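A.B. asks: coords please:
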Amino acid sequence: MRLSHIPLRLATGAFILNSGLGKRNLPAENAQALQGMAGNAFPAVKEWNPTSFGTALSTAEIGIGAALLAPIVPSFLAGAALTGFGGGMMTMYWKTPGMHEEGSPKPTQDGTAIAKDVWLLGAGLTLMLDSLRKK
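C.D. replies: All right, here's what the predicted structure looks like:
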């Protein structure tokens with residue numbers, strides 16, 4: 001891991017870890033709402049039990065956050081996990097009706113909360129690309 005990766009990994013890792021920890025024991029109605037949005041992007045998710053979906057989402061966020069915070073995890077690998085997560089968020093944003101203006105990536109007021117997660121995708125790609133650079 002490069003010294004320059006530390007601030008990015010700390011910021012994203014702490015944020016995602018906290019989000020995942022906050023979703024542990026998510027009430028069924030909250031899990032169902034998150035599942036509904038995720039189902040717009042990934043239809044197979046609609047078939048899951050809402051409680052199982054909430055548990056899987058929490059576990060994934062905790063794992064990604066921990067990987068970003070653990071210095072033994074190579075930045076390329078942590079960045080790949082973050083890129084996948086951020087890409088999933090952007091797919092959900094694009095495929096959920098009402099999140100962005102018709103035919104435009106510009107978010108609506110309702111979509112701003114998810115559109116801002118583009119930073120996760122950018123941070124993940126940055127870690128991956130910078131890891132490929134010769135030292």
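
A.B. asks: Point to the residue nearest the middle of this structure.
C.D. replies: When C-alpha atoms, centre = their mean is applied to the chain, the residue found nearest the centroid is Phe85 (3.6 Å).

A.B. asks: Confirm that that one lies within a helix, as I assumed.
C.D. replies: Yes: counting by DSSP: H, G, I helix; E, B strand; the rest coil, Phe85 is located in a helix.

A.B. asks: lowest-pLDDT helix or strand in this protein?
C.D. replies: Using mean pLDDT, DSSP states H and E, helix 112-115 stands out as the lowest-scoring helix or strand of the chain, at a mean of 87.

A.B. asks: which helices and strands does it pack with?
C.D. replies: Helices and strands touching helix 112-115, by 3 or more C-beta pairs under 8 Å, 6 or more residues apart in numbering; DSSP states H and E, are helix 75-95. Yep, even glycine has a C-beta here, placed from its N, CA and C like the rest.

A.B. asks: Since that was my last question, I'll sign off now.
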